[in-house]
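Participant: Show me the folded form of this:
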Amino acid sequence: MSGDRKRGLFIGRFQPFHLGHLHAIKTLLNEVDEIIVGVGSAQYSHTLKDPFSAGERILMIRLSLEDEGIPASRYLIIPIPDVNDNRLWVAHVVSLIPPFKVIYSNNSLVKVLFEEAGYEVRPVPFYHRDKYCATKIREKMARGEEWRDLVPPAVAKVIEEIRGVERVRLVAEGERH
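Facilitator: The predicted structure is shown next:
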């Protein structure tokens, strides 16, 4: 690792990146010098569960962190495609990113897999989890309800520019039929 910098890993799908994710990253940056934001399920897009591409999600995250004044030297945003084999997943993730000391996750499978591989796993601090939930945000988009107050302004702008709400509505409609 460069010098004595402590680097942590935070993996999520970020479909979309919301204010809870932003709060988590800001909190985690109090514990580590640099955070690797792993954009999981990177190969998926244009589905109800994963409507946004890895590139779109990376842009949402980068612009949101920029707007918060977080220096680019404090984070890396790396796409991580799924391998759909739990035995290989940790090695796959580790092969794609720089070395790190700790992984942050509330997912019990992620916790078990990384602990078995010898990594320290810490919980991600939830921030109004009942309100900031990507599934609920996608559902609001599909129903035509207000969702913009749940995401950073940069995310709302990206979603509007890519016509993301229309995409979510169309895939939701397609999955209902």
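Participant: Tell me who's in contact with the spatially closest residue to Lys131 that is not a sequence neighbour.
Facilitator: Once flanking residues are discounted, Lys131 sits nearest to Leu150: 6.8 Å by CB to CB, 6 or more residues apart in numbering. C-betas here are computed from N, CA, C, even on glycine. By CB atoms under 8 Å, 6 or more residues apart in numbering, the contact list for Leu150 reads 18-19, 131-132, 136-137, 140.
Participant: what about 6 Å?
Facilitator: Residues in contact with Leu150 (CB atoms under 6 Å, 6 or more residues apart in numbering) are 18, 132, 137.
Participant: can you redo these as CSV with distance to Pro123, pLDDT and secondary structure?
Facilitator: Output for these, formatted as CSV (distance: CB to CB, whole Å; pLDDT from 0 to 100; DSSP: H, G, I helix; E, B strand; the rest coil):
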residue, distance to Pro123, pLDDT, secondary structure
His18, 18, 97, coil
Tyr132, 16, 92, coil
Ile137, 22, 97, helix
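Participant: which stretches of the protein have low pLDDT?
Facilitator: 1-4, 176-177 (pLDDT under 70).
Participant: so Ile78 bridges to which residues?
Facilitator: Bridge pairing for Ile78 (DSSP bridges) gives the partners Gly38.
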